[in-house]
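Participant: I'd like to go over a predicted model; first the sequence, then the structure.
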Amino acid sequence: MPESIDIHCLPNELSQEKVLIGKAAKFLGKSIQDISSIQIVKRSIDARKKPVIYRLRLDVFFNGEEQSNHVYAPNYQEVESAMEVAIVGFGPAGIFAALECLKLGLKPVVFERGKDVRERRRDLAKINKEHLVNEDSNYCFGEGGAGTYSDGKLYTRSHKRGKIIDVLNQLVHHGAKEDILVDAHPHIGTNHLPQLITAMRETILKFGGEVRFNERVEAFQVEDKVIKGLKTNIGDYAFDHVILATGHSARDVFEICFRDGIKIERKPFALGVRVEHPQNLIDQAQYKQERGEHLPPASYSLVTQANGVGVYSFCMCPGGIIAPCATSPGELVTNGWSPSKRNNPYANSGIVVEISDELLDEQGYTGVFGALKLQKEVEKSCWEAGGENQTAPAQRLLDFMKNKPSTDLPKCSYLPGVKSVNLNEVLPAFVVKRLKSAFKDFTRKMPSYATNEAVIVAPESRTSSPIRIPRDRQTFEHVEVRGFYPCAEGAGYAGGIVSAAMDGQKVVQAIKETIR
């Protein structure tokens, strides 16, 4: 049996196995010759003091012991003739729900309004170059969902939802690097995700599942509070079990649920801007030294309270790009992503204000669609301020804090382009006030944060769904409609790739229990 130990090393020592074996031998009080091999089990960066170090958990093997294989082949079953489960949406939740169906002997039938990843790229190019938004194929809709272009950040605090290692292992099984099994903040990269998602779709089809692209759900068939099926732009289908995994931006689905008698609720969300700094400024602020070739581009995580409301960084993208993520004409939305090498010269992050129930009521955004109304209003005002296309309103960070228009703007990664606008006059006053307070506090924590080298781009408005579709905590079914399973981010229960994937798995497990 290997012995598990915790050690640390300098960044340039990480790839030197002989050095790490020497450290392990010293830690254990053994000879180097006693150790046959080592295996890194966990890896994280500690930049709290100089010099920056890596903290490692090693499995140490002795006297010819073989290393254990952390990757295992999932036990998928042939399901072509099995009981069918409808899955609406093919983002992280929908994909992993479908894979879980294969493991549990159920046949997934997936309905995705958008296109496969290859065809989807053309519509993304049109957003960036021609400012044209396809309502069914964009950065949020299509194979892989928004997760395809959220760059594959795989860390989550939602450990209670399921086994994170199972999600990561299935990703590795389909082509992700094994590094994601050991890194504290695993990351795949937007450039690698399309191949990975294609491989997972091919697995679903290979074992008898179905994936239907360009098929948009237009109605849910409910009789006496029991789901009977659904209607799409192609036809009508009968199902006893329907999983709704459409993500946080499928506003038409919320309206369909409301119309078809499926209870929905207003949900707090978050609203703000995306802030972009030169990456070398963030590196220096975090590492307190030159980054060099042995450390990755630095990230940050910031949180504070401003006038009784939380303000925090969201989806921080070192070496990243700001992307246009509108899902309909007449609105402007931004998000961020990074390639696998995170080698772009900019670092961007959402900085968002929690929009609580109390704040919504205080500002008059009441009713089921109150939060959604606020979200729409901000996206429309930013679209108008940018010139009624996908050009984004932007401002230098210090100028924003001083309520001073920027005479010019620094270079920015946002491909459709930015326009100098005083965002104090575009964003809601209650959001502006709290952002300014947060930026002051963030600068106390990171003295170089508030600088006019940084540009803020608006809005960051799709952090989570402004609607919750309530479900039973035990059965995962809708609280009123049997056989209907609201799932993951679009239903208000998960955010991010891993937590959404685990929620998709748990819903399928609940369906299997119901069938039993």
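Facilitator: That came through fine. Residues are numbered from 1 along each chain as shown.
Participant: just the helices in the stretch 101-250 of the chain please.
Facilitator: Ranges of helices within the stretch 101-250 of the chain are 117-130, 164-173, 193-206, based on DSSP state H, counting those that start in this stretch.
Participant: Nearest to residue 111, out of those helices?
Facilitator: Residue 111 lies closest to helix 193-206 among those, at 13.1 Å (C-beta to C-beta). Just so you know, the C-beta spots here come from the backbone N, C-alpha and C atoms, and that holds for glycine as well.
Participant: who's in contact with the closest one?
Facilitator: 76, 90, 95, 98-99, 102, 108, 110, 116-118, 121, 143-144, 147-149, 151-152, 170-171, 174-176, 188, 211 (C-beta atoms under 8 Å, 6 or more residues apart in numbering).
Participant: Mark which of the residues you listed are part of strands, please.
Facilitator: Counting by DSSP state E, the part of those found in strands is 108, 110, 211.
Participant: How about the first one: which residues does it bridge to?
Facilitator: For residue 108, the beta-bridge partners are residue 85 (DSSP bridges).
Participant: what does stretch 506-516 contact?
Facilitator: By C-beta under 8 Å, 6+ apart, stretch 506-516 touches 83, 85, 97, 100-101, 104-106, 161-162, 241, 243, 474-477, 485, 487.
Participant: pretty sure residue 398 is in a helix, no?
Facilitator: Yes. Counting by DSSP: H, G, I helix; E, B strand; the rest coil, residue 398 is part of a helix.
Participant: can you count the residues close to residue 77?
Facilitator: 14 (other C-beta atoms under 10 Å).
Participant: Isn't it up against residue 102?
Facilitator: Yes. If you go by C-beta atoms under 8 Å, residue 77 and residue 102 touch, sitting 5.9 Å apart.
Participant: list the residues that contact both of the two?
Facilitator: residue 207.
Participant: Could you give me the buried positions within the strand ranked longest in the chain?
Facilitator: Scanning the chain for the longest strand, with DSSP E as the assignment, gives strand 35-46. Using 16 or more other C-beta atoms under 10 Å as the test for burial, strand 35-46 gives 35, 38-41, 43, 45.
Participant: can you check stretch 273-287 too?
Facilitator: For stretch 273-287, by 16+ other C-beta under 10 Å, it's 273-279, 281-283, 285-287.
Participant: Stretch 77-95 too?
Facilitator: So, applying 16+ other C-beta under 10 Å, buried residues of stretch 77-95: 79, 82, 84-95.
Participant: Could I get the full set of strands for the stretch 351-500 of the chain?
Facilitator: Using DSSP state E, counting those that start in this stretch, the strands of the stretch 351-500 of the chain run over 392-396, 418-420, 455-460, 467-468, 484-486.
Participant: Looking at the ones you listed, which is nearest to residue 374?
Facilitator: Of all the strands of the stretch 351-500 of the chain, strand 455-460 comes closest under C-beta to C-beta, at 10.9 Å.
Participant: Run through the neighbouring helices and strands of the strand or helix carrying residue 282.
Facilitator: Residue 282 belongs to helix 279-287 when elements are defined using DSSP states H and E. Packing contacts for helix 279-287, counted by 3 or more C-beta pairs under 8 Å, 6 or more residues apart in numbering; DSSP states H and E, involve strand 346-355.
Participant: The strand it packs on to helix 279-287, inter-axis angle?
Facilitator: 70 degrees (axes from the mean of the first three to the mean of the last three C-alpha atoms, to 10 degrees).
Participant: so where is this protein shaky, pLDDT-wise?
Facilitator: 150-152, 156-162 (pLDDT under 70).
Participant: so what are the domain limits for it?
Facilitator: If you go by automatic domain parsing, the domain ranges for the chain are 3-62, 84-264+466-515, 268-460.
Participant: Any idea which of those gets closest to residue 71?
Facilitator: Among the domains of the chain, domain 84-264+466-515 sits nearest to residue 71 (C-beta to C-beta), with 5.2 Å.
Participant: so how far is the closest one from its chain's centroid?
Facilitator: Counting by C-alpha atoms, centre = their mean, to the nearest Å, domain 84-264+466-515 is centred 13 Å from the centre of its parent chain.
Participant: Number the chain from 47, please
Facilitator: Right, with 47 as the first residue, what we last looked at is domain 130-310+512-561.
Participant: Can you give me the end-to-end span of it?
Facilitator: 11 Å (C-alpha to C-alpha, to the nearest Å).
Participant: on that earlier part again, tell me which two in the buried residues of strand 81-92 are the farthest apart.
Facilitator: The widest separation within these (C-beta to C-beta) is 24.9 Å, between 81 and 91.
Participant: hmm, back to that, ok, the buried residues of stretch 319-333 vs residue 173, which is closest?
Facilitator: residue 320 (15.9 Å).
Participant: In this model residue 396 seems to touch the closest one, though I could be wrong.
Facilitator: Yes. At 5.3 Å, residue 320 counts as touching residue 396 under the criterion of C-beta under 8 Å.
Participant: Show me the common contact partners of those two, please.
Facilitator: With C-beta under 8 Å, 6+ apart, residue 320 and residue 396 have common neighbours 381-382, 506.
Participant: Quick check on those: which are buried?
Facilitator: Here, 16+ other C-beta under 10 Å leaves 381-382, 506 buried among the shared contacts of residue 320 and residue 396.
Participant: For the helix or strand just after the helix holding residue 328, name the packing helices and strands.
Facilitator: The helix or strand immediately downstream of helix 325-333 is strand 349-352, counting by DSSP H and E. Helices and strands touching strand 349-352, by 3+ C-beta pairs under 8 Å, 6+ apart, are strand 355-363, helix 475-491.
Participant: Among those, show me which one is buried the most.
Facilitator: Comparing those by mean neighbour count (mean count of other C-beta atoms under 10 Å), strand 355-363 ranks first with a mean of 21.
Participant: and the angle from that strand to helix 475-491?
Facilitator: Using the same axes, to 10 degrees, strand 355-363 lies at 70 degrees relative to helix 475-491.
Participant: Run the chain-centre distance for whichever helix or strand comes after strand 355-363.
Facilitator: Later in the chain than strand 355-363, the nearest helix or strand by DSSP H and E is strand 367-370. On the basis of C-alpha atoms, centre = their mean, strand 367-370 sits 14 Å off its chain's mean C-alpha point.
Participant: Remind me what the helix or strand following strand 367-370 packs against, helices and strands.
Facilitator: For strand 367-370, the succeeding helix or strand toward the C-terminus, using DSSP H and E, is strand 380-383. Here strand 380-383 touches strand 315-324, strand 355-363, strand 367-370, strand 392-401, strand 501-506, going by 3+ C-beta pairs under 8 Å, 6+ apart.
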